[in-house]
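Provide a 3D model corresponding to the input given below.
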Amino acid sequence: MDTRIFGDTGRLAIGRLYAYDLLMPSQTSVFAAFTLAYFFSYFYRSANAVIAPDLARALSLDAAQLGLMTSLFFAAFAAVQLPLGLALDRYGPRLVTPALMLVGAAGSLIFAGAQDFASLALGRALIGIGMAGVLMGALKAFSQWFSAQHYPTISGLLVGIGSAGALVAATPLAWLNATFGWRMAFVVGAALIVLVAAALLIGTRNTPPGVAWPGNTADLRSLHVVFTDARFWRMAMLVFFTNGTLLAFQGLWAGPYLNDIFGVAPLQRGNVLLLLSLGVTAGFLMSGWLSARIGLANVVVAGASLFGASQIVLAFHPSLPVAAAAAAIFGFSGALTIMLLAQPRYVFPVVYTGQATTAVNLFAIGGTFLVQWWMGLIIGTFPARSGHYPPGAYTASLLFSASATWVMLFFYLPMRRAE
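Residues are numbered from 1 along each chain as shown. Predicted coordinates for the structure are as follows:
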């Protein structure tokens, strides 16, 4: 546009208008800001798998303490899901998600400075609270900014790109830990969380321009609608064990598994975890695309079936190359079931999206807390020798999670007919 025809005053006004347009949130800025936030959420949930041996050594933690402390991220995460759903439906993700992330920044600093188990556990729990609103806030925002047709694809891209945080929590974190120590990594992480929270506040809005926010509709009565629907329980119970096992193993027990069975060096352990995380990222990226083409429930069923099979392979501790390949398949197939968190968008009215999604996520994250802890209890029943648990400990824990996955898959199967 040739602004000379408007004179100096006109050019100034048009310049301000262009600047205003550039600052206005768009689908791109909303997607980018929430994806960046999810990147850090995934980094923190996965980080302990790499630094677990150093944490145990520095603070004299046994397997049960390590499992409990790490799982507190998910316990705290799960504890805030129901009030989070009400807050998201009432006030919107633009304010709720950044506010919670500041709590996570404080938790990261406490974790970095911890000198005992109690401080470490407190920091881990606060990080969990801080990250609790990221994915759910993103899905709530996307339900307003994107059409139902594009919702699964965009949701899959979010978790796929954001899960690259687990890639940083593999070999790169192993290097940072060896070079600067895990404490410094968590101090830097706290500063970055604050910056991302500011990006969410500036770069997003609850709704697109011209669309009114349907707030003040959320109350406890709508939770009754969700929890009395049988379809909710089919989604919730399957995601309890699929997401729970995926994050429990990726976020903690994969590291000790590799260390105790194969005795690999830290960087080699980080490389196998990187391969697992690449599988997760690929599964997340493919999940929405596949759902749009063959059906969301079909993707979930296929993913859960392969996920259970990969656990059986890992349970019988094959050679390291086979275990690495099985870990990649474990990550890919487990990630496909993330579509269980998108499914409430199609089961419940849009006014309940926040509450229905966070209610399902309550079981996803609650499952991670309990499965991660239960695996630690199972492993801890076997006697450790020189700080290493025997292969049978991991066989028992993985057979437990695989069996539970398949039982809940059969319970979920009627959802294929409901699609």
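
thinking residue 105 is in contact with residue 193, fair?
Yes. At 4.2 Å, residue 105 and residue 193 qualify as touching, with contact defined as CB atoms under 8 Å. Placement of C-beta: from N, CA and C, glycine included.

Got phi/psi on residue 388?
The phi and psi torsions at residue 388 (degrees, to the nearest 10) take the values phi -120, psi 140.

That one against residue 258, yeah?
No. Contact criterion CB under 8 Å: residue 388 and residue 258 do not qualify, at 11.4 Å.

Quick one: low-confidence residue ranges for the stretch 51-200 of the chain.
Per-residue confidence for the stretch 51-200 of the chain (pLDDT under 70) gives these ranges: 166, 170.

Next one: the closest residue to residue 253 other than its chain neighbours from residue 317, what distance?
Nearest-residue entry for residue 253: residue 375, 5.5 Å, with adjacent residues in sequence omitted and distances by CB to CB, 6 or more residues apart in numbering. Distance, residue 375 to residue 317, by CB to CB, to the nearest Å: 15 Å.

next one: residue 81
For residue 81, the distance to residue 317 - CB to CB - is 35 Å.

between these two, who's got more neighbours?
Ranked by neighbour count (other CB atoms under 10 Å), residue 81 and residue 317 place residue 81 first, with 22 against 19.

which element is the nearest residue to that one once chain neighbours are set aside on?
The spatially closest residue to residue 81, leaving aside those adjacent along the chain, is residue 362, at 3.9 Å (CB to CB, 6+ apart). When elements are assigned from DSSP states H and E, residue 362 belongs to helix 353-380.

before we move on, what about residue 174?
Residue-wise, residue 174 maps onto helix 171-179 under DSSP H and E.

buried sites along that helix?
171, 173-174, 176-177 (16 or more other CB atoms under 10 Å).

now swap in stretch 304-322 and tell me
Buried residues in stretch 304-322 (16+ other CB under 10 Å): 304, 306-311, 313-315, 317.

what mean pLDDT would you report for that stretch?
Summarised as a single mean, pLDDT over stretch 304-322 is 95.

Identify the residues contacting that stretch?
238, 242, 245-246, 257, 261-262, 264, 272, 323, 326-327, 329-330, 332-334, 336-337, 391, 394-395, 398-399, 401-402, 405-406, 408-409, 412 (CB atoms under 8 Å, 6 or more residues apart in numbering).

Okay, residue 26 and residue 383: tell me how far apart.
Residue 26 is 58 Å from residue 383, by CB to CB.

Among the two, which residue is more densely surrounded?
residue 26 (16 against 8).

tell me the phi and psi of that one?
Per degrees, to the nearest 10, the backbone of residue 26 is at phi -130, psi 180.
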